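Asks: Predicted model and sequence follow; I will ask about them next.
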Amino acid sequence: MVHFPLHPETPLEGQTLAEMFGPGKNIDAMNENMKNLMKQEDLPYENRSMTYNSRLAQELGTWADTQKGGETIHEKIYQAYFVENKNVSQIGVLIDIVNHVGLNEAEACNVLEDRTFKEAVDRDWAKAREVGVTGVPTYLAGGAGVVGAQSYETLAQLVEHAIGQKNKD
């Protein structure tokens, strides 16, 4: 997994989706479309009116990946953001998630305050730009890629393509 700065300019206090997308954008339709896509994948999703800066959550997730059992944090961050509409740029929200998944709170506080994993996320962002990532999720394999929520069939075709490319080598 490589982290990607979807909207790094988002202020820490967040902003409304209407502010982000501008006048004329039907936020209710966007939410309904996303809810339908998530339902197809058995993922929870609730209507959102706000977006928040996810930079600290990415840094915390990168740290969590170095901890035993830490991979569980990603689902909880997803749930906090997309289901509970919580501001994942707030250290208190992130520490609640750390406690919920059973990681060390003191270590997590140090990671967030000292920005221990800032450079690792910076490298991810640079790599994402380098390979041309323009949205999330992006799947890359065998010199090809697809962006956004995709069907199983589309992802299977990408994998088949990658296998075909590898067999040519």
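Replies: Nice, I can see it. Numbers count the residues shown, from 1 in each chain.

Asks: got a list of contacts for the helix or strand Ala57 falls within?
Replies: Using DSSP states H and E, Ala57 maps to helix 55-64. Applying CB atoms under 8 Å, 6 or more residues apart in numbering, the contact partners of helix 55-64 are 3, 5, 8, 70-74, 77, 81, 88-89, 91, 94, 97-98, 101, 103, 107-108, 111-112, 115-118, 120-121, 124. Every residue, glycine included, has its C-beta placed from N, CA and C.

Asks: tally of neighbours for Thr134?
Replies: 12 (other CB atoms under 10 Å).

Asks: Report pLDDT for it.
Replies: Looking at Thr134, its pLDDT stands at 81.

Asks: excluding its backbone neighbours, what's nearest it?
Replies: Val147 (6.2 Å; CB to CB, 6 or more residues apart in numbering).

Asks: any idea where the strands of this protein begin and end?
Replies: Assigned by DSSP state E, the strands in the chain fall at 15-16, 50-51, 138-141, 144-147.

Asks: tell me the most buried of those?
Replies: strand 50-51 (a mean of 18; mean count of other CB atoms under 10 Å).

Asks: Mark out where each domain of this structure begins and ends.
Replies: Listed by automatic domain parsing, the domain ranges of the chain are 15-131, 137-169.

Asks: thinking again about what came up before, how far does the helix holding Ala57 sit from the chain's center?
Replies: Computed by CA atoms, centre = their mean, to the nearest Å, the chain-centroid distance of helix 55-64 equals 10 Å.

Asks: cool, stretch 147-162 as well?
Replies: Worked out by CA atoms, centre = their mean, stretch 147-162 lies 19 Å from the chain centre.

Asks: export that stretch as CSV, just CAs?
Replies: Taking C-alpha atoms only, stretch 147-162 is exported to CSV below (Å, rounded to 0.1, in the frame of the first residue of the first chain):
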residue,chain,number,x,y,z
VAL,A,147,-8.5,4.1,-10.7
GLY,A,148,-11.4,4.2,-8.3
ALA,A,149,-13.7,1.5,-6.9
GLN,A,150,-13.7,-1.3,-9.5
SER,A,151,-15.6,-4.5,-10.0
TYR,A,152,-14.1,-7.9,-9.3
GLU,A,153,-14.0,-8.5,-13.0
THR,A,154,-12.1,-5.4,-13.7
LEU,A,155,-9.5,-6.2,-11.1
ALA,A,156,-9.3,-9.8,-12.3
GLN,A,157,-8.6,-8.5,-15.9
LEU,A,158,-5.8,-6.3,-14.5
VAL,A,159,-4.2,-9.2,-12.7
GLU,A,160,-4.5,-11.4,-15.9
HIS,A,161,-2.9,-8.6,-17.9
ALA,A,162,0.0,-8.4,-15.3
